[in-house]
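1. Structure for the following, please:
(one chain, ligands or ions: 1)
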Amino acid sequence: MARVYNFSAGPAVLPEEVLREAAEEMLDYRGSGMSVMEMSHRSKTYQGILDEAEADLRELVGIPNDYSVLFLQGGASQQFAMIPMNLMKNRVADYIVTGQWAKKAWQEASKYGKANKIASSEDQTFSYIPDCSDLPVSADADYVYICENNTIYGTKFKTLPDTKGKNLVADVSSCFLSEPVDITKYGLMYGGVQKNIGPAGVVIVIIRKDLITEDVLPGTPTMLRYQIHADSGSLYNTPPAYGIYICGKVFKWIKKMGGLSAMKEHNEKKAAILYNYLDESRLFRGTVRREDRSLMNVPFVTGSEELDVAFVKAAKEAGFENLKGHRSVGGMRASIYNAMPVVGVEKLVAFMREFEAQTL
Ligand SMILES: *Cc1c(COP(=O)(O)O)cnc(C)c1O
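-> As a prediction, this is how the structure comes out:
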């Protein structure tokens, strides 16, 4: 068996330990005589898996009791509609557009009310995070929306915007559990788990309880109401049961690794190895303003499209997979999520050095 170094932006690398454990439990989950995939979601065994996953996530992040944790389906993209349907009481919300995902969320929200784009970095291909210290936040805005880590462009909010008292809603899909967060600064935080936590198909929503109300936009489907899922403990209907089980294993792995501050240290170490090389390289360069660089997604280019293609091909042959940049930006992108080991980044940089020496 040969595992590659997988730099995919998502679905992405998972801890090998987690995969091995899941493999061991595949046919017979802890004496139940069946796989978690085959189990009733109403069984005591599955309830235990779900409860433990929630408890571990609460402990890892430090989620206070006035927040609900919901394990939902539909990916991050479903939240683009679910958020306005549930939270846009005044039919007004402010969006900070720092990339394709934020733009899609903004466009979707526009279907339900007045979605104001109060800041954007589209003028420079989303290569930076705009100054959000004094934005024209709407007086009647129901929330201010950000995409905290921009998976495609490789930027990250290092300081949260001043929302002037409005609830902050954040898409954290690609930086979920990558470093400590103060959840009390958010009204709602959500992430598709296939970037940093688990298998595609699960989206985790952490929402302050006072935002969960019956007062949703007319016509909101039952399945898209937070209250329905909160009242039923994420078991209104069959949840993405196996995916949640794997997420639970990843939470335990992060706990074992030392929690979110240890993750931050681990991620900073990897990012420094790659960014330091990009800054000294005569062939490759990063595409993002230095102070806004993501710890998770690192886009870079050579400046020549042919060389970019040649590099991605050579890298693949050497066992470094999925380094091609997003189709909207081109070049390369190395996603170095929690589960990417330091040695993976060290070997990638060694390979890049070699490629540079042979090219120049
Ligand atoms: C991948 C991604 C999405 C879309 O996720 P889906 O689960 O495919 O809907 C949304 N936001 C961000 C920040 C992402 O990285």
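
2. Which other helices and strands does the regular element (helix or strand) spanning residue 273 contact?
-> Using DSSP states H and E, residue 273 maps to helix 259-280. On a contact count with 3 or more CB pairs under 8 Å, 6 or more residues apart in numbering; DSSP states H and E, helix 259-280 meets helix 44-61, helix 241-257, strand 285-286, strand 297-301, helix 342-359. Heads up, the C-betas are built off the backbone N, CA and C, glycines and all.

3. what's residue 81 in contact with, if anything?
-> Counting by CB atoms under 8 Å, 6 or more residues apart in numbering, residue 81 makes contact with 108, 111, 112, 224.

4. Can you tell me the element residue 134 falls in?
-> Per DSSP H and E, there is no helix or strand for residue 134.

5. For the residue lying closest to it once chain neighbours are set aside, which residues are in contact?
-> Of all residues not flanking residue 134 in the chain, residue 162 sits nearest, at 6.6 Å (CB to CB, 6 or more residues apart in numbering). Contacts for residue 162 were tallied using CB under 8 Å, 6+ apart; they are 132, 133, 134, 135, 137.

6. same question, residue 144
-> 93-96, 118, 135, 137, 161, 163, 166-169 are the contacts of residue 144 under CB under 8 Å, 6+ apart.

7. phi, psi of the residue in the chain that the ligand sits nearest to?
-> Using CB to the nearest ligand atom, the single residue of the chain nearest to the ligand is residue 75, 2.6 Å away. When quoted as degrees, to the nearest 10, the phi and psi of residue 75 stand at phi 70, psi 180.

8. Strands of the protein, residue ranges please.
-> Shown for the chain, the strands assigned by DSSP state E span residues 5-6, 67-72, 92-97, 114-120, 144-147, 149-150, 155-156, 168-171, 188-192, 203-208, 285-286, 297-301, 320-321, 332-335.

9. Which one of those strands lies nearest to residue 314?
-> strand 320-321 (9.0 Å; CB to CB).

10. check contacts around the nearest residue to residue 95 once chain neighbours are set aside.
-> Spatially, and ignoring its direct neighbours in sequence, residue 95 is nearest to residue 106 (4.0 Å; CB to CB, 6+ apart). Taking CB under 8 Å, 6+ apart, we find residue 106 in contact with 95, 97, 115, 117, 145.

11. 7 Å instead?
-> Neighbour list for residue 106: 95, 97, 115, 117 [criterion: CB atoms under 7 Å, 6 or more residues apart in numbering].

12. Please tell me the pLDDT value assigned to it.
-> We have a pLDDT of 98 for residue 106.

13. For residue 103, grab the count of nearby residues.
-> Burial measure for residue 103: 17 neighbouring residues, criterion other CB atoms under 10 Å.

14. Correct me if wrong: it contacts residue 95.
-> No: counting by CB atoms under 7 Å, residue 103 does not reach residue 95; the two are 8.5 Å apart.

15. Write out the residues of the stretch 1-150 of the chain neighbouring the ligand.
-> Taking CB under 6 Å from any ligand atom, the part of the stretch 1-150 of the chain that reaches the ligand is made up of 10, 75, 76, 77, 101, 147.
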